[in-house]
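Participant: sequence and predicted structure, then a few things I'm wondering about:
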Amino acid sequence: MSAAAVIAAGATCGTLALSATAAPLAPAGNPLARLTADQIAKKAVTDLKAAASFHYHGSGKTSGQTVSISMSVTHKGCTGWIGYGRHGGFAILAIGKTVWIQPNDKFWEYAGIPASELPAVHGKWLKPTGTGSNSLSGVFAPFCNANKLASALAPQLTGLVKGKTTKISGHPALQLRNSSGSESIYVSISSKPEILRISDHGTITFSAYGARVTLTPPPASDVIKVPGASARVHSLQHPLGGI
């Protein structure tokens, strides 16, 4: 299972770092003892899909740049931040099928916006009007949807074996690894296991299951609507291709 697959639902990412919270060990013992590693992994993915909300974050290298992501996901959408190292980054907000992004000035510059145009877009949210997988809405959809994240993981969660029992932020967690031990998923030791850590060449955090997340559209006065085929949207898609 790939930490990168979670961050970008199949895209490439590099080394990541995390800290996570876990459910405490059940008083009666280990409720996962009688399940196989594949059964536990499948159960954890099912629980991820069913969670009212969760948070994930990490940072790493891709194409020589540091990419970071911090995202809170609910069944209604998501809110968070994607950073591109020295090239800045942008806030993201998705409610249903509507996506807004708010680049900072450094990212606008990296996307090719002339300095003379920066005052007009500073602090503004972009609302792309295009549709389909090649639109910005389509690009961001995997970041914001529990089913898409889980689907990216599911095909890789087979042929696993149980590894060590460890602690993540002081709470018991069970390692499920592939045969070589190069890729692992860590789940909370509970009757309802939650994914806490995914580790291959790096790691990514999952935490804050069920936490309250508020999604509020930006004020209309701060929104710039742009066609999906516009040069400005395509200028953002290029640097996002490496995430």
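Facilitator: On my side now, so go ahead. Numbering: from 1, shown residues only.
Participant: and the strands in the protein?
Facilitator: 53-62, 65-74, 77-83, 89-95, 98-103, 125-128, 161-168, 171-177, 184-188, 195-199, 203-207, 223-226 (DSSP state E).
Participant: quick one: residues in contact with the lengthiest helix in the chain.
Facilitator: Determined from DSSP state H, the single longest helix within the chain is helix 37-50. With Cβ atoms under 8 Å, 6 or more residues apart in numbering as the test, helix 37-50 has contacts from 1, 32, 35, 54, 146-147, 149-150, 153-154, 157-162, 174, 176, 185, 187, 192-195, 206. Where C-beta positions appear, they are placed from N, C-alpha and C, glycine not excepted.
Participant: in the chain, where is pLDDT below threshold?
Facilitator: For the chain, the stretches flagged by pLDDT under 70 are 1-29, 130-137, 201-202, 228-243.
Participant: picking that back up, want to throw the strands of the chain into CSV with mean neighbour count and distance to residue 119?
Facilitator: Output for the strands of the chain, formatted as CSV (neighbours: other Cβ atoms under 10 Å; distance: least, Cβ to Cβ, whole Å):
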stretch, mean neighbour count, distance to residue 119
strand 53-62, 21, 30
strand 65-74, 20, 26
strand 77-83, 20, 23
strand 89-95, 20, 18
strand 98-103, 21, 14
strand 125-128, 22, 16
strand 161-168, 14, 45
strand 171-177, 21, 48
strand 184-188, 26, 46
strand 195-199, 25, 41
strand 203-207, 24, 37
strand 223-226, 14, 13
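Participant: would you list these in a markdown table and tack on distance to residue 39?
Facilitator: Converted to a markdown table, the strands of the chain look like this (distance: least, Cβ to Cβ, whole Å):
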| stretch | distance to residue 39 |
| --- | --- |
| strand 53-62 | 21 |
| strand 65-74 | 25 |
| strand 77-83 | 29 |
| strand 89-95 | 32 |
| strand 98-103 | 36 |
| strand 125-128 | 41 |
| strand 161-168 | 11 |
| strand 171-177 | 10 |
| strand 184-188 | 11 |
| strand 195-199 | 15 |
| strand 203-207 | 19 |
| strand 223-226 | 46 |
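Participant: out of the ones you listed, nearest to residue 118?
Facilitator: Nearest to residue 118 among those is strand 98-103 (10.2 Å), distances taken as Cβ to Cβ.
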